[in-house]
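K.L.:
I need the structure of the sequence given here:
(one chain, ligands or ions: 2)
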Amino acid sequence: MKTYLVTGGLGFIGSNFIRHILDKREEITVINVDKITYAANPGNIPNGVKNYRFYKTDIADNVGLSKVFDENDVDYVINFAAESHVDRSIMTPGIFIKTNVDGTANLLELSLKHNVKRFLQISTDEVYGSLGSTGKFSETTPLAPRSPYSASKAAADMLVMSFFHTYDMPVLISRCSNNYGPYQFPEKLIPLAIINALHEKDIPLYGDGRNVRDWIYVADHVAGISLILEKGKPGETYNIGGDSELENIDIINHILDRLNGSHSLIKYVKDRPGHDRRYAMDFSKIASKMGFSPKYGIDKGIEYTVNWYLKNENWWKEILSGDYREYYKKMYEYR
Ligand code: NAD
Ligand code: TYD
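P.N.:
Residues are numbered from 1 along each chain as shown. Ligands and ions are numbered 1, 2, ... in the order given. Below you'll find the predicted structure:
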């Protein structure tokens, strides 16, 4: 029986990962450490699952996290915990440094002390910066982050690598492109567009709406993470991508078409400061070394995602009735 310590497992990708691991019913115990920020939802993990333990703990809290390590014999650490939204990082950068940098440093120190066998840092393509209309990011592209979010994630990646070089700690880094799918908090573009379309409410599109992201369905990301945990080489970084580059306007048109929504809902608004123009991933390393390829194209992925939001109104209605309203007002009212 292996023990995985998963951080941030009540958020979007972390909870998809945990459900995947527990569904497979392999010999794995999952310890989930989550601070329960606005982005977390305890209902993301079903009640009563076996081989699962939860700690409400901040990864930056040394005393709290030490207790988790003392009480469990941890084999692998998978660090999803982060402040993850670029727009919020522009409003309040400090918490991004606290969680994404200090929190990762704390987790690394304790993982080293407890001799974990693998430490996987869940990073992002955003650490590479912004592309023009051609080229792709590879693992050797220099880091050039441009938002407080991506800068904090790049700092964390550098700390992770420093533990490899200095202490020979068995670390790995995965860098994935934009995820979408079930359980994504509605501040991000795709769930925001779905939910606004369902309410016949304006869909805010930043700038000229032609920024490009490489979209990946979350199940494909989770599959890539499992491969890296199984087959990755310590000290290495692996890009993961969805092979689905689209302009934001195309994604929104696609969602509106699927919901029979009116395209007049699209509202061009003031651009995000420092808005990265284009991300595109060269993920040939994980493809050739581990046989990774994304299984969900954008059509299937959006179909499944839209259907999930249609069937799970209770999940997102609860979010819309809470603090999210204040955030939405602050972010969009005068834009
Ligand atoms: P999310 O915002 O949905 O979830 C983050 C989770 O981390 C939440 O449950 C939150 O409560 C928890 N958390 C935040 N601060 C914490 C702290 N100090 N201690 C413990 N828990 C804390 O994020 P997500 O979209 O699921 O992203 C997960 C990871 O994947 C992040 O590291 C992010 O940088 C990375 N990533 C995300 C994407 C994407 O498109 N969403 C793409 C590539 C990489
Ligand atoms: P987002 O989902 O916030 O992810 P990221 O900024 O990490 O790529 O945004 C995806 C793209 O959509 C990005 O180019 C910004 C744009 N966007 C909008 O045009 N309107 C919105 O309301 C949001 C949230 C994002």
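
K.L.:
hey, let's count contacts and neighbours off CA atoms from now on
P.N.:
Will do.

K.L.:
now the longest helix along the chain: buried residues?
P.N.:
If each helix of the chain is counted by residues according to DSSP state H, the longest one is helix 148-167. Under the neighbour-count criterion of 16 or more other C-alpha atoms under 10 Å, helix 148-167 has 148-157, 159-161, 163-164 buried.

K.L.:
quick one: strands adjacent to the helix or strand just after it?
P.N.:
For helix 148-167, the following helix or strand on the C-terminal side (DSSP states H and E) is strand 171-176. The strands beside strand 171-176 in its sheet (DSSP bridges) come out as strand 118-124 (parallel), strand 237-240 (parallel).

K.L.:
in the stretch 201-335 of the chain, which spans are strands?
P.N.:
According to DSSP state E, counting those that start in this stretch, the stretch 201-335 of the chain carries its strands in the segments 203-206, 212-214, 216-217, 237-240, 245-247, 266-269.

K.L.:
given the first one, what are its sheet partners and their directions?
P.N.:
Within its sheet, and counting by DSSP bridges, strand 203-206 is paired with strand 266-269 (parallel).

K.L.:
hmm, who's touching the strand it pairs with?
P.N.:
With C-alpha atoms under 8 Å, 6 or more residues apart in numbering as the contact definition, strand 266-269 has outside contacts at Asp202, Ile203, Pro204, Leu205, Tyr206, Gly207, Asp208, Gly209, Arg335.

K.L.:
up against ligand 2, what does the stretch 1-150 of the chain have?
P.N.:
Val86 (C-alpha under 6 Å from any ligand atom).

K.L.:
what residues does the stretch 1-150 of the chain have near ligand 1?
P.N.:
Residues of the stretch 1-150 of the chain lying near ligand 1 by C-alpha under 6 Å from any ligand atom: 7-14, 33-37, 39-40, 57-60, 80-84, 99, 122-124.

K.L.:
which of the residues you listed count as buried?
P.N.:
For these, a burial check counting by 16+ other C-alpha under 10 Å picks out 7-14, 33-36, 39-40, 57-60, 80-84, 99, 122-124.

K.L.:
so what's Tyr334 scoring on pLDDT?
P.N.:
Reading off the per-residue confidence, Tyr334 sits at a pLDDT of 85.

K.L.:
do Ile249 as well
P.N.:
Among the per-residue scores, Ile249 shows a pLDDT of 98.

K.L.:
pretty sure Asp157 is in contact with Leu172, am I right?
P.N.:
No: counting by C-alpha atoms under 8 Å, no contact exists between Asp157 and Leu172, whose distance comes to 9.5 Å.

K.L.:
next one: Val63 from ligand 1, what distance?
P.N.:
The spacing between Val63 and ligand 1, counted by C-alpha to the nearest ligand atom, to the nearest Å, is 13 Å.

K.L.:
could you do Arg210 as well?
P.N.:
Applying C-alpha to the nearest ligand atom, one obtains 18 Å for the distance of Arg210 from ligand 1.

K.L.:
how about that residue, nearest residue that isn't a chain neighbour?
P.N.:
With C-alpha to C-alpha, 6 or more residues apart in numbering as the measure, Glu247 is the residue that lies nearest to Arg210, at 4.9 Å, once sequence neighbours are left out.

K.L.:
residues touching that neighbour, list them.
P.N.:
Counting by C-alpha under 8 Å, 6+ apart, Glu247 makes contact with Gly209, Arg210, Asn211, Val212, Arg213.

K.L.:
of those, just the buried ones, ChimeraX syntax please.
P.N.:
Paste this into ChimeraX to select the buried members of these, with burial taken from 16+ other C-alpha under 10 Å:
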select :209,211,212,213
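
K.L.:
in JSON lines: the contacts of Glu247, plus distance to ligand 2 and pLDDT.
P.N.:
Rendered in JSON lines, the data for the contacts of Glu247 read as follows (distance: C-alpha to the nearest ligand atom, whole Å; pLDDT from 0 to 100):
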{"residue": "Gly209", "distance to ligand 2": "6", "pLDDT": "98"}
{"residue": "Arg210", "distance to ligand 2": "8", "pLDDT": "98"}
{"residue": "Asn211", "distance to ligand 2": "5", "pLDDT": "98"}
{"residue": "Val212", "distance to ligand 2": "6", "pLDDT": "98"}
{"residue": "Arg213", "distance to ligand 2": "6", "pLDDT": "98"}
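
K.L.:
out of the contacts of Glu247, which is nearest to Tyr296?
P.N.:
Taking C-alpha to C-alpha as the measure, Tyr296 lies nearest Arg213 of the contacts of Glu247, at 15.8 Å.

K.L.:
which residues are in contact with that closest one?
P.N.:
Applying C-alpha under 8 Å, 6+ apart, one finds that Arg213 lies in contact with Ser177, Asn178, Ser244, Glu245, Leu246, Glu247, Asn248, Arg278, Tyr279, Ala280.
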